[in-house]
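[1] Got a sequence here, can you build the structure:
(one chain, ligands or ions: 1)
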Amino acid sequence: MSWDPQEQYNIERWSDSFFDVNDDGHLCVLPFQDKNELQIPISKVVEEIKLQGLKLPVVIRFHDILRAQVRKLNLAFQEAIKELDYHGQYRGVYPIKVNQMREVVEEIVEAGAEFDYGLEAGSKPEILAALAYNTNLNSLTILNGYKDRDYMRLALLGVKMGRKCLVVIENFSELNLLLEVSREQNIRPLIGLRLKLSSESRGKWASSSGENAKFGLSILEIIKCINILKNEDMLDCLKLLHFHMGSQIADIKTIKEAIIEGARVYAKIAKMGINIEYLDAGGGLAIDYDGSRSTRDSSRNYRLDEYAMDLVLSIKQICDDEKVAHPHIVTESGRAITAHHSCVVTNVIDIKKKHHEDFERKAQESDHYLLQNMRSTLEELNISNCQEMLNDAKQIKNESMQAFKLGILELDEQAAIENIYWQVVDQISELLKQKEFIPDDLRELEQSRAKQYLCNFSVFQSAADIWAIDQVLPIMPLQKLNEEPKEDCKLCDISCDSDGQIKQFLGPEGLSETIKLHKITNDVPYHIGIFLTGAYQDVMGVMHNLFGRLHEVHVYADKDDESGFYIDEAITGGTAGDVLSTMQYNPSNMAQVIKKEIDKNIKAGHIQARMGVKHIDFYENCLKQYTYLDSQN
Ligand SMILES: *Cc1c(COP(=O)(O)O)cnc(C)c1O
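    Just a heads-up that it's a prediction; the model follows:
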């Protein structure tokens, strides 16, 4: 039976056809979702990054994937609209908060131009960005989040410039503020109302909907808003009904329930003779991070075309039933647009192992009997007594720890006992491969003997959701994929925090606590990719341990280029000085302190003058360096 990297790392399930393994065993990005069109080995991109003088870890952005996702979303809705003979249009917007990087927003706006795809903002900085970047007069700018006077003024500034800037009232009191500012500015606003859904969604963001949600108006408050607008003679300003179920909705049933409720409220409002035009179903379109196609939090049980069809069909049926015109449909998908386009590449810098083959301690007659017993366990071990020998070895290990604490064992005896214990464990694990049935005890053994691969990155900076909400992200090596990996591993980051580990991986049999990786040698680089980091992860990282932002490169496919791609832009990540400054340190003062101190030592004759200057330069240089570990690999 031959080993298959596809199966081992579940690539087909999570990659959405954007990633695949080539004949040389390298993981490739397929910018056009077609193996025959173009494959770019990610290792090649890493090589070029290194040639440009950047070190790992690094974020790689594939702009073609962003463009492809924007097209796919818009085409899915166009298709559904055509097929179901729906009379409205699709007018999607990209929510900036999901990945606010300028280059990301720019690319999305550009790719979406032909579809009049717009932007969504949820804060003042985001509306400032939306006003400057969404210049298409036909696309929407949807303004969510809590708002103050200046937020309203900015929205009306957009309207003055001829943009479709819709202010979504999240909170009843915002309506009066908006009306006040619009009188002050003498301009009629475009108004949306956010409906608080009664149907609660499931999953990690369930609190975005339901009676106690933080955002949105109850039906009663919606009626009150309509009455206020009527009294002000501004009913024609009401243009949109919005709702949002939360992010990463795994179950299509939840989406259907929400859309049925939202469409019904929309239709009733339209029936009041109000010329409301847009129904905005918010975000929630999920990503199948774990490839299980299930209703697990990190998955989804539907496809994009199904999502579009369900939305369009439900809205059509309800509006036809209520005999009102079909609205233009808005969605605010962020995760689905951005997740695939970026990945983090890190290098393994060390391996923590338990059994050290190179530790030798010759048997001596004077050896303590515990050590002698551990040795006999190893010698007697065979396929038929694995469980018995494991029990013995465990017991000897426990007893020896007690004995050591009581001063009965010497340091080197204790070391030898532990080393032989792990050798027993390794051999049992080898023997088990010949067995059909493996008892639970022995299964757990596999986990306990896992090697810890130390990777040059910080979970807190680069994959915050792994730490914060147990998000599962696809992780796999970028090379050697034509060779079966035999090591069971756990991944640790370089932060000084025991939470800085990855404990969930996708395996051939679902989630696993370990990942299969290759044996590695110090002289050959071994790169690991963390995938689907483009949504939220990219921008939510925190500087725990003062590990700063990663270097970042923007990659474009180019079929005419020899290697099939080019790096459009390389942005250097944070230096030690940068991150210290954000925490209010003053790097140049710090360098001064060191200089003074060294000068003192020079005067006192503890440090040679020539060396002293070098030490000072060295300290200053380190302030200018990347915050991650510098390694040849
Ligand atoms: C966060 C958010 C989104 C984006 O949701 P995704 O699930 O990432 O698509 C859309 N709309 C609103 C109001 C949001 O708060």
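
[2] Check the secondary structure at Leu166 for me.
    Here Leu166 is strand, with the state taken from DSSP: H, G, I helix; E, B strand; the rest coil.

[3] Pull the number of nearby residues for it.
    Using other Cβ atoms under 10 Å, Leu166 is surrounded by 28 other residues. C-beta here means a position set from N, CA and C on the backbone, and glycine is covered the same way.

[4] And for the one 3 residues further on?
    Residues near Ile169, counting by other Cβ under 10 Å, number 27.

[5] Identify the bridge partners of Asn347.
    Judged by DSSP bridges, the bridge partners of Asn347 are His527.

[6] contacting residues around it?
    The contact partners of Asn347, by Cβ atoms under 8 Å, 6 or more residues apart in numbering, come to 56-57, 455-456, 525-528, 631, 633.

[7] ok, it to Lys519 distance?
    Look at Asn347 and Lys519: by Cβ to Cβ, to the nearest Å, they are 16 Å apart.

[8] Repeat that for Ser43.
    Noted for Ser43: a distance of 18 Å to Lys519, by Cβ to Cβ.

[9] what's the answer for Arg449, then?
    According to Cβ to Cβ, Arg449 stands 14 Å off from Lys519.

[10] When these two are compared, which one has more neighbours?
    Arg449 (18 against 12).

[11] Nearest spatial neighbour of the more buried one, chain-adjacent residues omitted?
    Distances taken as Cβ to Cβ, 6 or more residues apart in numbering place Val425 nearest to Arg449, at 4.9 Å, with adjacent residues excluded.

[12] Helices along the stretch 201-350 of the chain, start to end?
    Taking DSSP state H, counting those that start in this stretch as the test, the helices found in the stretch 201-350 of the chain are 219-231, 252-271, 304-322, 335-338.

[13] So which of those is nearest Ile329?
    Checking the helices of the stretch 201-350 of the chain against Ile329 by Cβ to Cβ gives helix 304-322 as the closest, at 6.4 Å.

[14] Now do that closest one: everything it contacts.
    Helix 304-322 is contacted from outside by 72-73, 76-77, 79-81, 83-84, 86, 88, 252, 255-256, 259-260, 263-264, 266-268, 270-271, 279, 281, 285, 302, 325-327, 329, 331, 336, using Cβ under 8 Å, 6+ apart.

[15] Can you report how many residues lie near the residue nearest to Ile329 when sequence neighbours are not counted?
    Of all residues not flanking Ile329 in the chain, Tyr90 sits nearest, at 5.3 Å (Cβ to Cβ, 6+ apart). Tyr90 is flanked by 24 other residues according to other Cβ under 10 Å.

[16] thought Tyr90 was touching Lys82?
    No. Here Tyr90 lies out of contact with Lys82, judged by Cβ atoms under 8 Å, at a distance of 10.6 Å.

[17] For the residue of the chain found nearest the ligand, grab the count of nearby residues.
    Nearest residue of the chain to the ligand (Cβ to the nearest ligand atom) works out as Gly283 at 2.1 Å. Using other Cβ under 10 Å, Gly283 has 26 neighbouring residues.

[18] That one contacts Ile337, doesn't it?
    No. If you go by Cβ under 8 Å, Gly283 and Ile337 don't touch, sitting 9.9 Å apart.

[19] which neighbours do those two share?
    In contact with both Gly283 and Ile337: Val98, using Cβ under 8 Å, 6+ apart.

[20] how about the residues of the stretch 401-550 of the chain near the ligand?
    Contact residues, the stretch 401-550 of the chain versus the ligand (Cβ under 6 Å from any ligand atom): Ala535.

[21] right, and Leu623 touches Asp578 too?
    No. Counting by Cβ under 8 Å, Asp578 is not a contact partner of Leu623; they are 9.1 Å apart.

[22] Need the three-state assignment for Val555.
    With three-state DSSP as the basis, Val555 sits in strand.

[23] Spit out the contact partners of it.
    Applying Cβ under 8 Å, 6+ apart to Val555 gives the contacts 29, 40, 45, 60-63, 565-568.

[24] Pull out the buried members of the residues you listed.
    Those of the contacts of Val555 that meet the buried threshold are 29, 40, 45, 60-63, 565, 567, by 16 or more other Cβ atoms under 10 Å.

[25] Please flag which of those residues sit within helices.
    Members of those lying in helices (criterion: DSSP state H): 45, 63.

[26] where's Val459 relative to Arg194, distance?
    Between Val459 and Arg194 the computed distance is 34 Å (Cβ to Cβ).

[27] What's the local residue count around the residue lying closest to Asp499 once chain neighbours are set aside?
    Distance criterion Cβ to Cβ, 6+ apart; nearest residue to Asp499, sequence neighbours excluded, is Trp467 at 5.6 Å. Using other Cβ under 10 Å, Trp467 is surrounded by 20 other residues.

[28] Repeat that for Leu119.
    26.

[29] ok, now which ones touch it?
    Shown in contact with Leu119 (Cβ under 8 Å, 6+ apart): 93-96, 105, 109, 129-130, 133-134, 139, 141-142.

[30] which among those residues are in contact with the ligand?
    With Cβ under 6 Å from any ligand atom as the criterion, the contacts of Leu119 include Pro95 near the ligand.

[31] Just the buried ones from the contacts of Leu119, in PyMOL syntax?
    Entered in PyMOL, the line below selects the buried ones among the contacts of Leu119, by 16+ other Cβ under 10 Å:
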select buried, resi 93+94+95+96+105+109+129+130+133+134+139+141+142
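
[32] Can you flag which of the contacts of Leu119 belong to helices?
    Here DSSP H is the test, and the contacts of Leu119 give 105, 109, 129-130, 133 as lying in helices.

[33] Show me the two of those that sit farthest apart.
    Greatest spatial distance among the ones in helices among the contacts of Leu119 (Cβ to Cβ): Val109 and Ala129, at 10.4 Å.

[34] near the ligand, which residues of this structure show up?
    So far as Cβ under 6 Å from any ligand atom goes, the chain lies against the ligand at 95, 97-98, 122, 144, 244, 247-248, 282-285, 332-335, 535.
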